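Asks: model the following, please.
(one chain, ligands or ions: 2)
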Amino acid sequence: MGVAAKIAPSMLSSDFANLASEAERMLKFGADWLHMDIMVVLLFIHSFLNRHFVPNLTLGAPVIQSLRKHTEAYLDCHLMVTNPLDYVEPLSKAGASGFTFHVEVSKENWQELVQRIKSKGMKPGVALKPGTPIEDVYPLVEGENPVEMVLVMTVEPGFGGQKFMPEMMEKVRTLRERYPSLDIEVDGGLGPSTINVAASAGANCIVAGSSVFGASDPSAVISLLRSSVEESQHKS
Ligand SMILES: O=C(CO)[C@H](O)[C@H](O)COP(=O)(O)O
Ligand SMILES: [Fe+2]
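Replies: Ligands and ions are numbered 1, 2, ... in the order given. This next block holds a predicted model:
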């Protein structure tokens, strides 16, 4: 038996003007979590110092708060920002469930971050970009106050609809071997043609945006993602 499969449609691919009904549709189709990509570009700073994390702007606490009024679903928030600590309080008030920050921007303060996230009743997770070595997250999983999920990016963060990077599966395999009961999430380019490699590497939380929202039968895609994770776990 493995860690429970969690299928998390990325709302980045939804119709933002109808977010509540899009969320409801995904839950009806069998989604476990709703993946919320929080990206901020500080335009002023971006132009002068190039200190943004991703070159895109999506949604923040006000949108999470609005969505929370319509659903009790687990909101799996993926923070692609340079200053995640600033978002702990607003996102917890807004009703976020999971708070996953990037290791690349948290070297100095991850202990405080994890503690604050937990104190607000959210589940702390750490994400890493494709170029970041897996060893960088070990201290966060093995420390006294550990994160409860590792998100392995399988595209460069910033946009939906990109091509899955199979070479990231080595990271997933290494993590699964080291942490048999950890939630391991993969994010970027997941869909029917890529799920088997991710599932057999040991991922159990699957984010899928364009492959689900772009499908003629999203519920069939969600079922397929789930059965691939469950079958891989039975085999191992
Ligand atoms: O974090 C993300 C991008 O930075 C998104 O969650 C991800 O790209 C999902 O979209 P898709 O499944 O279309 O690749
Ligand atoms: Fe994401």
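Asks: any weak-confidence spans in the protein?
Replies: By pLDDT under 70, the weakly predicted segments of the chain are 1, 41-52, 56.
Asks: quick check, central residue of it?
Replies: By Cα atoms, centre = their mean, the chain has its centre lying nearest to residue 78, at 4.9 Å.
Asks: measure that residue to residue 233 for me?
Replies: 24 Å (Cβ to Cβ, to the nearest Å). (Each C-beta comes from the backbone N, C-alpha and C, glycine too.)
Asks: now do the SS call for the residue nearest to the centre of the chain.
Replies: What DSSP: H, G, I helix; E, B strand; the rest coil gives for residue 78 is strand.
Asks: how close does it sit to residue 35?
Replies: With Cβ to Cβ as the criterion, residue 78 and residue 35 are 6 Å apart.
Asks: now the common contact residues for these two.
Replies: Common contact partners of residue 78 and residue 35 (Cβ atoms under 8 Å, 6 or more residues apart in numbering): 187, 207.
Asks: longest helix anywhere in the chain?
Replies: In the chain, with assignment by DSSP state H, the single longest helix is helix 218-235.
Asks: what helices and strands are in contact with that helix?
Replies: strand 6-9, helix 19-28, helix 195-201, strand 205-208, helix 210-213 (3 or more Cβ pairs under 8 Å, 6 or more residues apart in numbering; DSSP states H and E).
Asks: one more time with 7 Å
Replies: Counting by 3 or more Cβ pairs under 7 Å, 6 or more residues apart in numbering; DSSP states H and E, the packing neighbours recorded for helix 218-235 are strand 6-9, helix 195-201, strand 205-208, helix 210-213.
Asks: what's the closest of these to residue 105?
Replies: strand 205-208 (19.6 Å; Cβ to Cβ).
Asks: near ligand 1, which residues of this protein?
Replies: 10, 12-13, 35, 37, 78, 155, 157-162, 187-190, 207-211 (Cβ under 6 Å from any ligand atom).
Asks: just the buried residues of these.
Replies: Listed as buried from the residues of the chain next to ligand 1 are 10, 12-13, 35, 37, 78, 155, 157-160, 187-190, 207-211; burial here means 16 or more other Cβ atoms under 10 Å.
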